[in-house]
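K.L.:
Predicted model follows, preceded by the sequence.
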Amino acid sequence: MKKYQLGEFEEIVILTIAILQKEAYGASIKHEIETRLSRKVSMGAMHTALIRLERKGYVKSFSGESTEERMGRPRRYFSITGAGKKAIEASRDARIELWSAIPKIVMDLKVV
């Protein structure tokens, strides 16, 4: 079993947190994924992925300020931990290794 395990959607979520940095909260992460990838994301899937990433120790969350707009509820912000950075680096490295192992002729073939 690999040391760092990320599902595809978890990887997308954690990379998006890296993009958004201090503005990474549920709705902003969802919007960024939908905008960048033209992919619909349910809030349920988003929250499930964030919970999983936090349990794995790849992200940490903290409460922001309460706002009237949110009826006094604070936003929950997310940031990547050291383990999370290692996980996305391991994922990137694995993908690069796989891509570089594909023979050039395979990628040059035209689909009929």
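P.N.:
The structure has been received and is ready for your questions. Numbers count the residues shown, from 1 in each chain.

K.L.:
from here on, contacts and neighbour counts on C-alpha atoms
P.N.:
Noted.

K.L.:
where does Arg39 land in three-state SS?
P.N.:
coil (DSSP: H, G, I helix; E, B strand; the rest coil).

K.L.:
Pretty sure it sits against Ile33.
P.N.:
Yes - using CA atoms under 8 Å, Arg39 is in contact with Ile33, at 6.8 Å.

K.L.:
So between these two, which is more surrounded?
P.N.:
Taking neighbours as other CA atoms under 10 Å, Arg39 and Ile33 compare with Ile33 leading, 18 against 12.

K.L.:
so where's this protein shaky on pLDDT?
P.N.:
Scanning the chain with the threshold set as pLDDT under 70 gives 1-2, 66-72, 109, 111-112.

K.L.:
In it, which helix is the longest?
P.N.:
Ranked by residue count under DSSP state H, the longest helix found in the chain is helix 82-101.

K.L.:
distance of the residue nearest in space to the middle of the chain from Arg73?
P.N.:
With distances taken as CA atoms, centre = their mean, Val13 lies nearest the centre of the chain, 1.8 Å away. Going from Val13 to Arg73 by CA to CA, to the nearest Å gives 23 Å.

K.L.:
next one: Trp99
P.N.:
Trp99 sits 45 Å away from Arg73, going by CA to CA.

K.L.:
re the thing from before, in CSV, list the C-alpha atoms belonging to the host helix or strand of the residue nearest to the centre of the chain.
P.N.:
Assessed by DSSP states H and E, Val13 sits inside helix 8-20. Extracted in CSV, the C-alpha atoms of helix 8-20 (Å, rounded to 0.1, in the frame of the first residue of the first chain):
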residue,chain,number,x,y,z
GLU,A,8,-9.1,11.5,-8.1
PHE,A,9,-11.7,13.9,-6.6
GLU,A,10,-9.6,14.3,-3.4
GLU,A,11,-6.6,15.3,-5.5
ILE,A,12,-8.7,17.9,-7.4
VAL,A,13,-10.0,19.3,-4.1
ILE,A,14,-6.6,19.5,-2.4
LEU,A,15,-5.0,21.1,-5.6
THR,A,16,-7.9,23.7,-5.6
ILE,A,17,-7.2,24.5,-1.9
ALA,A,18,-3.6,25.1,-3.0
ILE,A,19,-4.8,27.5,-5.7
LEU,A,20,-7.2,29.4,-3.5
